[in-house]
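> give me coordinates for this.
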Amino acid sequence: MSDLIHHIAIQDDWEMSRGFGEYSVATRGVHVDDAGFIHATTADGLDAVIAARYGDLTLPLLDVAIRPEALAAEGIGVEWVDGRPRILGALPMTSAVVASETPITR
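Model prediction:
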């Protein structure tokens, strides 16, 4: 079992955030300040999230794999609600936190 959690990002949002060093999109079209957290999922939940939130979208997507322990080291908590992780702040775009960025093929 993987200790990584995952966030689905619209590739353009992710790339535009690089210059700031952190990613603050909670989910499609919603800022972390408005939602209070960044939506995440487990590896097993990826397909369901893609279908439910992004199924109608033709823009390129990324599966961003995240190390929760590295988030904790940065002072950013992860809480679990109904079996799904929530990242409680903006996501640092460092190699310590971000394990991988994988394009999603649909």
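> what about this structure, any weak spots by pLDDT?
Along the chain, the parts satisfying pLDDT under 70 run over 1-2.
> and the helices in this protein, which stretches?
11-17, 32-35, 46-54, 68-73 (DSSP state H).
> the residue nearest to the spatial centre of the chain pairs with what?
The centre of the chain sits closest to residue 7, judged by Cα atoms, centre = their mean, with a distance of 2.4 Å. Going by DSSP bridges, residue 7 is paired in beta bridges with residue 64.
> use 27 as the first number for this chain going forward.
In the new numbering, first residue 27, that becomes residue 33.
> just to check, it is in contact with residue 119?
No. Applying Cβ atoms under 8 Å, one finds residue 33 not in contact with residue 119, separated by 11.5 Å. (C-beta placed from N, C-alpha, C; glycine too.)
> residue 95 contacts residue 31, doesn't it?
No. The criterion here is Cβ under 8 Å, and residue 95 misses it with residue 31 at 10.7 Å.
> between these two, point out the one with more neighbours.
For residue 95 versus residue 31, neighbours defined as other Cβ atoms under 10 Å are more numerous around residue 31 (24 against 11).
> no more questions from me, cheers.
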